[in-house]
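Trainee: Quick one: sequence plus predicted model below, questions after.
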Amino acid sequence: MKQTSVQVAVIGASLGGVMAAWQLCRAGIRTLLTSEFSWIGGQLTSQAVPPDEHPHIEFFGASESYRAFRAAVRRHYLTQPEFVDNTSMTEGCNPGDGWVSRLCFEPAVAEEYLRSLLRPFIDSGLLTLIEAARPVTAVRNGRSLESVTVAQGRRKVRLCAVYFIDGTDTGALLKLADLPYRLGKESREEFDEPQAPEHADRMDQQPVTFVCALGRADHPSAPIARPAEYDFWHKYKLPHYDHRIFSNQLPGHEGFGSIQLPFFSTAAFMGDYSDRTLDLWRYRRIVAAHNWQGQERQDISLINWAQNDYALKPLLDGCDSGEDEVSAAAKALTRCFVYWLQTEAPRSSLGEVGRGFPELVLAEKFLGTADGFAQQIYVRESRRIVGLQTLSQRDILLPSGESGWRPLRQGNSVGIGLYNMDIHPTCMSGMGSNAAVRPFELPLGVFIPVDVDNLLPASKNIGVTHLVNAATRVHPIEWLVGEVAGLLASLCLAKQVLPADIYGIKSHTTDFQQLLQNKGVPLHWPEHISSRSAQD
């Protein structure tokens, strides 16, 4: 078996994993990054999810590098002569004119941007990128992780490093290294979280979704082949909800409540793109035909809706066949939903009788695959470290009786975040939520595992509870988590100390916070917000 040794090995090219590798290389650290899929970047690229962001993102509330990325995406489109900014659903240039985000765009654009960040370091030899590689085993000796073995088909490579960073979307290294980890729901007693259940349940995880890209053609097309699983999903009713999964109803609110959204806005369907009805088609649209002139482009939308959330089995640790079985079942659900949209979805949202939208076709070239589906399943919840600190719902809730702008302050903050506690109906209890939270800060201790000295989290695997993960899982926060992990490992190498020392010795903590600020990572929310950003 081949063996490779580096200073830091980042296992998994999730969005956070890529940013960890980037910051390590900027610090001159000899780094190795593994990628399981052909696109690097996880939820931003290979999972095909437009950025979920807080409402102040245009003005503040993210690292400088994340804001530079957003500017680069817009620049990519605005410099193309055929592109015209006719954005109507949100403020600012929004290439796809979707309404889930102020920045909906083709995932391939983000993938190329991330590659451009890493390319100089690969060319110089400072960074080694091993692709099509999946971690399969890990060797731990007491408090030290000694090696991780990855498989590339039948070939295996043993990776040795001073530090390992878990950049997988699932917290895979925590399980492979036989470390304690959190998964699913903690009990109410453990952290006194108001929405936690009486008893913990590791299987009560957020659902997963296999995203696909659909185009809206000018003329009807033949539907895809009727999937074998179609009869089951066509009749399936969501537990605790009084409706079938294939409908225009969106569950996920407190008290097992749902809302209804039309599949299409009648005005927009007929060409009136100034109409701002919140319809499902424009929810995650990444190509808006009206933003292009001089060339024929059709609308392209990413189908990551409540209707193709898969919750029959949890993705992690829930079935003998493992994650591949769940991924295959989730992909089958999405295929069934596409067939239903093409053949049976009611056209009543357009004021028409009849069923089916034969105008919808799988967009086969947009996600780097031959079938129009994403390269990997969208993972909302990971295994999470048992850290020196755990961020809980009590931390991110507004204090009782208070309202307005009340940021959480942490003396050892290493970054900031803000997003609703967005929980899709979970696998066991079916609980959903979309609760507002206060602007929060990530304390250093959520990055440092209790039981190992040289492993750091860089994705959705930081030390938070199930409920808080629902707010920290989004793009700008995962980007931040990766940067913090990479910079923490670089400082530990420079000072020849352990991450626990950075946490436990005040002067080291201060040095790390200064390093983060020097690299463009804001540590605190502003005390007040302007009227402009408050209204945005």
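Mentor: Alright, I've got the coordinates. Numbers count the residues shown, from 1 in each chain.
Trainee: distance from the centroid: which residue in the chain tops it?
Mentor: For the chain, the largest distance from the centre (Cα atoms, centre = their mean) belongs to residue 353, which lies 37.8 Å off.
Trainee: SS state for that one?
Mentor: Three-state call for residue 353 (DSSP: H, G, I helix; E, B strand; the rest coil): coil.
Trainee: and if you look at residue 22?
Mentor: Classification of residue 22 using three-state DSSP returns helix.
Trainee: who touches it in this structure?
Mentor: By Cβ atoms under 8 Å, 6 or more residues apart in numbering, the contact set of residue 22 is 65, 117, 118, 121, 482, 483, 486. Quick note: C-beta positions are derived from backbone N, CA and C, even for glycine.
Trainee: neighbour-wise, which of those leads?
Mentor: Most neighbours among those, by other Cβ atoms under 10 Å: residue 486, with 32 neighbours.
Trainee: Can you list the buried residues in the strand or helix carrying that one?
Mentor: Counting by DSSP states H and E, the element that carries residue 486 is helix 475-495. By neighbour count with 16 or more other Cβ atoms under 10 Å, helix 475-495 contains the buried residues 475-493.
Trainee: that older thread, gap between the closest residue to the residue farthest from the centre of the chain other than its chain neighbours and residue 341?
Mentor: Nearest non-adjacent residue to residue 353, counting by Cβ to Cβ, 6 or more residues apart in numbering: residue 347, 7.0 Å away. Residue 347 sits 11 Å away from residue 341, going by Cβ to Cβ, to the nearest Å.
Trainee: what do you get for residue 474?
Mentor: Note on residue 474: its distance to residue 341, by Cβ to Cβ, is 26 Å.
Trainee: for residue 159, same thing?
Mentor: 44 Å.
Trainee: ok, back up a step: would you mind identifying the next helix or strand past the helix holding residue 486?
Mentor: On the C-terminal side of helix 475-495, the closest following helix or strand by DSSP H and E is helix 499-504.
Trainee: which parts of that following helix are buried?
Mentor: Quick answer for helix 499-504 (16+ other Cβ under 10 Å): 499, 500, 502, 503.
Trainee: got those as CSV, with distance to residue 174 and pLDDT columns?
Mentor: Below are the buried residues of helix 499-504 laid out as CSV (distance: Cβ to Cβ, whole Å; pLDDT from 0 to 100):
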residue, distance to residue 174, pLDDT
499, 15, 98
500, 17, 98
502, 20, 98
503, 19, 98
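Trainee: Which pair of these spans the longest distance?
Mentor: Using Cβ to Cβ, the buried residues of helix 499-504 reach their maximum pairwise distance at 500 and 502, which is 7.3 Å.
Trainee: if I look at the two, which residues touch both of them?
Mentor: Taking Cβ under 8 Å, 6+ apart as the contact rule, residue 500 and residue 502 both touch residue 448.
Trainee: low-confidence ranges in the stretch 301-450 of the chain?
Mentor: Within the stretch 301-450 of the chain, the set of residues satisfying pLDDT under 70 comprises 321.
Trainee: all helices for it, in order.
Mentor: 323-343, 393-396 (DSSP state H, counting those that start in this stretch).
Trainee: And these: which comes nearest residue 7?
Mentor: Between the helices of the stretch 301-450 of the chain, helix 323-343 lies closest to residue 7; by Cβ to Cβ that is 29.8 Å.
Trainee: got the contact list for the closest one?
Mentor: Around helix 323-343, the neighbours that count as contacts under Cβ under 8 Å, 6+ apart are 170, 208-212, 214, 223-230, 233-234, 246, 263, 303, 305, 307-308, 310, 312-316, 318-319, 355-358, 360, 362, 373, 376-377.
Trainee: Give me the buried subset of the residues you listed.
Mentor: Looks like those have 170, 208-212, 214, 223-224, 227, 230, 233-234, 246, 263, 303, 305, 307-308, 310, 313-316, 318-319, 356-357, 360, 362, 373, 376-377 buried, using 16+ other Cβ under 10 Å.
Trainee: how long is stretch 251-267 from one end to the other?
Mentor: Distance across stretch 251-267, first residue to last, is 26 Å (Cα to Cα, to the nearest Å).
Trainee: distance between it and the chain's centre?
Mentor: Its chain's C-alpha centre and that of stretch 251-267 lie 22 Å apart, by Cα atoms, centre = their mean, to the nearest Å.
Trainee: In that stretch, which residues are buried?
Mentor: Buried residues in stretch 251-267, counting neighbours by 16+ other Cβ under 10 Å, are found at 251, 252, 256, 258, 261, 262, 263, 264, 265.
Trainee: I'd like to know the average pLDDT value across that stretch.
Mentor: In this model, stretch 251-267 carries a mean pLDDT of 87.
Trainee: which residues sit in contact with residue 166?
Mentor: By Cβ under 8 Å, 6+ apart, the contact list for residue 166 reads 11, 12, 172, 173, 174, 455, 456, 457, 458, 459, 461.
Trainee: Which secondary structure element is home to the residue lying closest to residue 195 once chain neighbours are set aside?
Mentor: Spatially, and ignoring its direct neighbours in sequence, residue 195 is nearest to residue 467 (5.9 Å; Cβ to Cβ, 6+ apart). Assigned by DSSP H and E, residue 467 falls within helix 466-472.
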